[in-house]
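Structure for this input, please:
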Amino acid sequence: MEEIKILLVEDEKKIADTLSKGLRELNYHVATAYDGKIGLRLFDAGNFNLVITDINLPGINGYDLCKIIRSRNQHVPVIMLTALGATNDKIEGFDAGADDYLVKPFEFKELLARIRALLKRTMNQQLPTGNILRVAGLELNVDSMEVTRDGKAITLTAKEFQLLEYFMRNRNRVVTRADIAERVWDLDFDTKTNVIDVYVNFLRKKIDREFEQKLIQTQVGTGYIMKDK
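Model (predicted):
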């Protein structure tokens with residue numbers, strides 16, 4: 001079995017050592033850093049399958065660390081661990097490029113479930129060549145991560161891009177918030193958060209607001225649907 005390498009960046013030594021010990025007992029190879037600068041140095045020196053980082057770190061904070069990692073590797077999964085659980089904090093984390101966001105305190109088995117889900121998704125992922133999705137005048141290039149509508153370039157964050165790709169691959173089909181949470185965020189749907197609705201609104205402003213035909217439509221009490229007619 002291929003060794004799975006995880007980078008753990010956490011300044012609370014007790015938490016870091018406990019998580020590292022638990023992951024090693026499950027045969028993951030774990031490199032631990034207690035500040036952001038060392039975490040970045042380790043990331044550059046190693047070929048990691050997944051990164052777990054706190055947000056409030058000395059040296060480089062978790063948001064900036066995630067942005068740097070994402071600029072160097074678009075595909076490595078990043079999980080943020082933090083005591084900051086407000087919607088705006090989560091949005092900032094996802095906009096920085098995080099794939100998942102776990103609020104402290106949490107159970108180790110919950111973190112483990114998130115890790116396994118992300119590794120399954122990324123290690124089974126096939127990166128297609130010339131994979132272009134089209135809905136009406138909207139076009140998304142999976143390889144270059146470029147999006148246009150009627151020839152006009154649209155700039156999206158990484159999470160907005162993933163959400164749009166999910167909508168386009170499921171055109172003309174109603175998707176629930178739980179579907180989106182599982183497929184785009186890899187987390188169990190939390191009925192207390194409006195993160196998904198916030199991101200749908202972000203996306204609408206960018207791909208629909210200036211155009212007569214509105215592609216993303218709300219299905220009251222159910223979810224959303226992207227219609228190409």
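
quick one: contacts for Thr193?
Thr87, Lys90 (Cβ atoms under 8 Å, 6 or more residues apart in numbering). C-beta: built from backbone N, CA, C; applies to glycine.

For it, give its distance to Ala45.
36 Å (Cβ to Cβ, to the nearest Å).

So which elements touch the helix or strand containing Gly93?
Assessed by DSSP states H and E, Gly93 sits inside helix 87-95. Here helix 87-95 touches helix 62-72, strand 78-82, strand 100-103, helix 158-169, helix 195-207, going by 3 or more Cβ pairs under 8 Å, 6 or more residues apart in numbering; DSSP states H and E.

which one of the ones you listed lies closest to Gly36?
Proximity to Gly36, assessed across the helices and strands packed on helix 87-95 by Cβ to Cβ, is greatest for helix 62-72 (4.7 Å).

Which parts of the chain are helices?
Under the criterion DSSP state H, the chain contains helices at 13-25, 36-45, 62-72, 87-95, 108-123, 158-169, 177-180, 195-207.

residues touching Lys227, list them.
So Lys227 contacts Arg171, Asn172, Leu215, Gln217 (Cβ under 8 Å, 6+ apart).

Nearest to Asn27 among those residues?
Ranked by distance to Asn27 (Cβ to Cβ), those are led by Arg171 at 40.8 Å.

What are the neighbouring residues in contact with the closest one?
Val135, Met226, Lys227, Asp228.

Out of those residues, who's the most crowded?
Met226 (24 neighbours; other Cβ atoms under 10 Å).

before we move on, back to that, what is the most widely separated pair among the contacts of Lys227?
Arg171 and Gln217 (11.5 Å).

taking the helices and strands packed on helix 87-95 together, which one is wrapped up most tightly?
strand 78-82 (a mean of 23; mean count of other Cβ atoms under 10 Å).
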